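Novice: here is a sequence together with a model predicted from it:
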Amino acid sequence: MKVDGVYRQHEHSVLVLVDPDERAALLDEDRCFVPAYLGPYGWIGVGLTGDTDWDEVDELLDASYRRTAGPRRVARLDSRRSPA
């Protein structure tokens, strides 16, 4: 993330590609940032700290995978999920 013209390193973070509406909401949070290079293409970074909500990270990664994987890979992912 660039702050005052200087890029800040995020050692503990994950990059995800989410829906544009969700992206705007996440970027309002301090833990999220626009990463260099991939940020202009819609990706965001989510900082991982001691109080990280891992269920939310799981949901973000799942949504990101579904936006980037092909239909066959998404279908395979869905077939591996156990019924609720």
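Specialist: Received it, and whenever you're ready, just let me know what you need. Residues are numbered from 1 along each chain as shown.
Novice: center of this structure, which residue is that?
Specialist: The centroid of the chain falls nearest to residue 16 when counting by CA atoms, centre = their mean (2.3 Å).
Novice: how close does it sit to residue 53?
Specialist: According to CB to CB, to the nearest Å, residue 16 and residue 53 sit 14 Å apart. From N, CA and C alone the C-beta is placed, and that goes for glycine too.
Novice: in the helix or strand hosting residue 24, what counts as buried?
Specialist: Using DSSP states H and E, residue 24 sits within helix 20-27. The neighbour-count check on helix 20-27 (16 or more other CB atoms under 10 Å) flags 23, 26 as buried.
Novice: got the contact list for it?
Specialist: 18, 32, 33, 34, 42, 44, 46, 63 (CB atoms under 8 Å, 6 or more residues apart in numbering).
Novice: the closest residue to the first one other than its chain neighbours and residue 44: what is the separation?
Specialist: So the one you mean is residue 18. Closest residue to residue 18 apart from its sequence neighbours, by CB to CB, 6 or more residues apart in numbering: residue 63 at 5.6 Å. For residue 63, the distance to residue 44 (CB to CB) stands at 12 Å.
Novice: with residue 10 instead?
Specialist: 11 Å.
Novice: which of the two has more neighbours?
Specialist: residue 44 (25 against 16; other CB atoms under 10 Å).
Novice: correct me if wrong: that one contacts residue 15.
Specialist: Yes: shown here, residue 44 and residue 15 form a contact pair, counting by CB atoms under 8 Å, at 7.1 Å.
Novice: doesn't residue 46 make contact with the residue nearest to residue 18?
Specialist: No: judged on CB under 8 Å, residue 63 makes no contact with residue 46 at a distance of 11.8 Å.
Novice: overlap in contacts, these two.
Specialist: In contact with both residue 63 and residue 46: residue 16, using CB under 8 Å, 6+ apart.
Novice: compare neighbour counts for these two and give me the winner.
Specialist: Legend: neighbour count by other CB under 10 Å for residue 63 and residue 46, higher for residue 46 (21 against 15).
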